[in-house]
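S.K.: what follows is a protein structure lacking sequence information:
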DNA sequence: CTGTTAGCGCCTTCAT
DNA sequence: ATGAAGGCGCTAACAG
């Protein structure tokens, strides 16, 4: 590939001048500009991204950090990614998908620092190594979701109000008359799981019900969401624990619940009401029955995270950005009063 | 951030030695190694990615190039991305998501060359600018899908056999007795759309049916897939054109078809059979009726593309890699003999 | 085994 | 308005 030096020689000017023709950082005579452009075109010149970044100490690349150990993007991440991506490209930034391997984590103590200006950290856990790293390296970052309380004063994040929305849907079920509501939650180490659990418990409290231990299940890692939900439900059905409603962490889990119900001769919503935290909204009203869900607006989540990060990069002083993206509950066909109540109504 | 020079000074050795402690490229005495490691730890040193890449002329970054003008990753791209990502991280490569804006395409004549070693090009069109660019810059790349014939001898790609699988499902419908099969295809400029159309037409020919002009519809850009399919179907229903089966380019389109059928009082599969090219397999058997589909195995597509590219990067000479990922047809509940035939059978 | 030197390709002073 | 020289942080080639 031709370098700036080649272009300079061919155009009969200095390297600095060529540089300025393209950056526009200082005035160039028309004559010289023409010659440089011509030479550049002939040589098929393009500036070397690395060399420039090294010189200006800025890469115009931000990274999206996936959780260590998790192996895949979920549909939730998909729309989030779309939100991030749009915002980035609009502002001239490129996006690097960062996925560190668990195993190499130690070896990485002296690995090269990523070529990025900032980072968006996905699915942070209570005490997330990635956060400590970025703090140490003084790389600006924003979380999607929250981390442990002790960080909260210093860290930028974008999040839903998970506690409040969990509270809301639990109340909805309680007010329909459900008393035995299972919460198929995400992994115990995830902060989002704790937040939602708080909302769930608070709703029970407010309705003078006591929380039963086995009524929150945490996803375990070696099963897919769908498998986990399926097996959890099959266990529940066989145990004959009282149960009339389920809240699931994701669409995939709701799929598992629907499947388990189908395989066990249990009818949704007559025998079991279901509400899901969701992000793949297009499909849900094609379920039978259509699935009632919470729309987390993950694309907006991604967009806002990117915006916040880009703001951070622009700012001279370390500021902290916070943003709550509203979640909305969409009632469809998977919730109903519990069968016992329905019977009573029929009899009267 | 501390540099290699800082570490060298603190450890009382030369920069070159520090470099070699981390790269392991030449033997280092234990004494020196210890001192260097200690200094590095104290200074919180990490090598500068850019500087190293500039020196070694290699970035260990590959990019995934999204189609210009398309604004979002679809579920198809999601699993593809997962495949690519796994393969990359396993081999120590990072992934840059590249999404050039249409509008700036001209201005980009002299934009900096991307900091990548190679590229995977998504959704190539007949004569794709991105291909010309990469050829000119001599950056190795592999296509997912094919480009125009004239390129085919020199370019690496990974693809399904779209023509053959389209042929197969069209035959399936024809053999059920369908004669009026609509193909809701993807954009006319896409090569995949041409391939599939060929298969569709060949199936008609082989069954001694003549192709009718209006029976292939090409997605137009300003509508989402779902909207496009919906409107196309509504138009068809109102025109009273004979029609007993539909093939759609994607799940999203199938959703639009289901919706249009529902809104028009048309029953699937009794009045209309549907088969979809799909990649979001998890949801499809929860449709009513469950959707018959072609599984394109897009995760494998992504994995193989990444493998091919990494092989290319390793190879000294320019080689060409080709790979066909098999697509599989999964029959579920959305296909049936056309109503007219069913009636005859009932009557006899 | 280790130090020294010269790039990698660009941008940015400081001159003129 | 332009040229010359130094530096961004690292690796590589050459000495010893």
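M.R.: Received it, and whenever you're ready, just let me know what you need. Nothing here was measured: the structure is a model prediction, and the numbers come from that model.

S.K.: how about the secondary structure of residue A:243?
M.R.: Following DSSP: H, G, I helix; E, B strand; the rest coil, we place residue A:243 in the coil state.

S.K.: what is the neighbour count of the spatially closest residue to it that is not a sequence neighbour?
M.R.: Leaving aside its chain neighbours, residue A:243 sits nearest to residue A:180 (4.9 Å; criterion: CB to CB, 6 or more residues apart in numbering or on different chains). C-beta coordinates here come from the backbone N, C-alpha and C atoms, glycine included. Close neighbours of residue A:180, defined as other CB atoms under 10 Å in any protein chain shown, add up to 16.

S.K.: just residue A:263 next, same as before
M.R.: 12.

S.K.: what of the one 5 residues further on?
M.R.: Using other CB under 10 Å, residue A:268 has 22 neighbouring residues.

S.K.: double-check it against residue A:276; I have them as touching.
M.R.: No. Checked against CB atoms under 8 Å, the pair residue A:268 and residue A:276 is beyond contact range at 11.6 Å.

S.K.: and the strands in the stretch 1-150 of chain A?
M.R.: A:61-65, A:94-98, A:118-121, A:141-144 (DSSP state E, counting those that start in this stretch).

S.K.: now the second one: average pLDDT?
M.R.: Per-residue pLDDT values over strand A:94-98 give a mean of 94.

S.K.: helices or strands next to it in the packing?
M.R.: The contact analysis (3 or more CB pairs under 8 Å, 6 or more residues apart in numbering or on different chains; DSSP states H and E) places strand A:94-98 against strand A:61-65, helix A:75-90, strand B:94-98.

S.K.: return the distance of the residue nearest to residue A:243 relative to residue B:61.
M.R.: As judged by CB to CB, to the nearest Å, residue A:180 and residue B:61 stand 52 Å apart.

S.K.: re earlier: in TSV, list the helices and strands packed on strand A:94-98 along with mean neighbour count and distance to residue B:335.
M.R.: Converted to TSV, those look like this (neighbours: other CB atoms under 10 Å in any protein chain shown; distance: least, CB to CB, whole Å):
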stretch	mean neighbour count	distance to residue B:335
strand A:61-65	26	40
helix A:75-90	22	26
strand B:94-98	22	37
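
S.K.: dump the ones you listed into CSV; add distance to residue B:77 as well.
M.R.: Below are the helices and strands packed on strand A:94-98 laid out as CSV (distance: least, CB to CB, whole Å):
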stretch, distance to residue B:77
strand A:61-65, 15
helix A:75-90, 8
strand B:94-98, 10
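
S.K.: quick one: closest of these to residue A:97.
M.R.: strand B:94-98 (4.6 Å; CB to CB).

S.K.: show me what from chain A comes close to DNA strand C.
M.R.: A:1, A:3-5, A:15-16, A:19-20, A:22-23, A:25, A:45-48, A:51-52, A:54-56 (CB under 7 Å from any atom of the strand).

S.K.: list only buried entries from those residues.
M.R.: Neighbour counting with 16 or more other CB atoms under 10 Å in any protein chain shown marks A:3-4, A:19-20, A:22, A:45-48, A:51-52, A:54 as buried within the residues of chain A next to DNA strand C.

S.K.: from those residues, which is closest to residue B:221?
M.R.: Among those, and counting by CB to CB, the member closest to residue B:221 is residue A:46, at 29.1 Å.

S.K.: what residues does the stretch 151-300 of chain A put near chain B?
M.R.: Residues of the stretch 151-300 of chain A lying near chain B by CB under 8 Å from any CB of the partner chain: A:226, A:252, A:255, A:258, A:280, A:282-283, A:286-288.

S.K.: what about those, which are in strands?
M.R.: Using DSSP state E, no member of those sits in strands.

S.K.: one step back: near DNA strand D, which of the residues of chain A next to DNA strand C show up?
M.R.: Among the residues of chain A next to DNA strand C, proximity to DNA strand D is found for A:15-16, A:20, A:51, A:54-55 (CB under 7 Å from any atom of the strand).

S.K.: need the residues you listed in JSON lines with distance to chain B, can you?
M.R.: Listed next are those as JSON lines, based on distance: CB to the nearest CB, whole Å:
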{"residue": "A:15", "distance to chain B": "15"}
{"residue": "A:16", "distance to chain B": "17"}
{"residue": "A:20", "distance to chain B": "13"}
{"residue": "A:51", "distance to chain B": "6"}
{"residue": "A:54", "distance to chain B": "5"}
{"residue": "A:55", "distance to chain B": "9"}
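
S.K.: in a markdown table: those, plus pLDDT.
M.R.: Output for these, formatted as a markdown table (pLDDT from 0 to 100):
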| residue | pLDDT |
| --- | --- |
| A:15 | 95 |
| A:16 | 95 |
| A:20 | 95 |
| A:51 | 97 |
| A:54 | 97 |
| A:55 | 96 |
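
S.K.: most widely separated two among those residues?
M.R.: A:20 and A:54 (18.4 Å).

S.K.: out of the helices and strands packed on strand A:94-98, which is closest to residue A:319?
M.R.: For residue A:319, the closest of these is strand A:61-65, at 16.9 Å, according to CB to CB.

S.K.: what angle do the closest one and strand B:94-98 make?
M.R.: If you take axes from the mean of the first three to the mean of the last three CA atoms, to 10 degrees, strand A:61-65 sits at 120 degrees to strand B:94-98.

S.K.: just the residues of the stretch 151-300 of chain A next to chain B now: which is nearest residue B:218?
M.R.: Once CB to CB is applied, the member of those that ends up nearest residue B:218 is residue A:282, at 21.5 Å.

S.K.: tell me, how many residues neighbour the closest one?
M.R.: Neighbours around residue A:282, by other CB under 10 Å: 17.

S.K.: ok, it to DNA strand C distance?
M.R.: Distance, residue A:282 to DNA strand C, by CB to the nearest atom of the strand, to the nearest Å: 44 Å.

S.K.: what sits against the spatially closest residue to that residue that is not a sequence neighbour?
M.R.: Distances taken as CB to CB, 6+ apart put residue B:255 closest to residue A:282, at 6.2 Å, once the chain neighbours are dropped. By CB atoms under 8 Å, 6 or more residues apart in numbering or on different chains, residue B:255 lies in contact with A:282-283, A:286, B:226, B:229.

S.K.: distance check, residue B:255 against DNA strand C.
M.R.: Residue B:255 sits 47 Å away from DNA strand C, going by CB to the nearest atom of the strand.

S.K.: do the same with residue A:200
M.R.: 53 Å.

S.K.: report pLDDT for that residue.
M.R.: 98.

S.K.: doesn't residue A:247 make contact with it?
M.R.: Yes. Counting by CB under 8 Å, residue A:247 is a contact partner of residue A:200 at 7.1 Å.

S.K.: now for the two: what residues contact both?
M.R.: Common neighbours of residue A:200 and residue A:247 (criterion: CB under 8 Å, 6+ apart): A:166, A:170, A:181, A:183.

S.K.: out of those, which is most surrounded?
M.R.: Neighbour-wise, the shared contacts of residue A:200 and residue A:247 (other CB under 10 Å) top out at residue A:166, 28 neighbours.

S.K.: leaving out sequence neighbours, find the closest residue to that one.
M.R.: Spatial nearest neighbour of residue A:166, excluding adjacent residues (CB to CB, 6+ apart): residue A:199 at 3.1 Å.

S.K.: and the helix or strand hosting the one you found, what does it pack onto?
M.R.: Assessed by DSSP states H and E, residue A:199 sits inside helix A:191-206. Here helix A:191-206 touches helix A:162-176, strand A:181-185, strand A:216-218, going by 3+ CB pairs under 8 Å, 6+ apart.

S.K.: what bits of chain A have low per-residue confidence?
M.R.: A:68-71, A:101-107, A:149-152, A:341-348 (pLDDT under 70).

S.K.: try it again with 80
M.R.: Residues of chain A meeting the criterion pLDDT under 80: A:67-72, A:100-109, A:127, A:148-153, A:279-280, A:316-318, A:340-348.

S.K.: alright, I will stop here.
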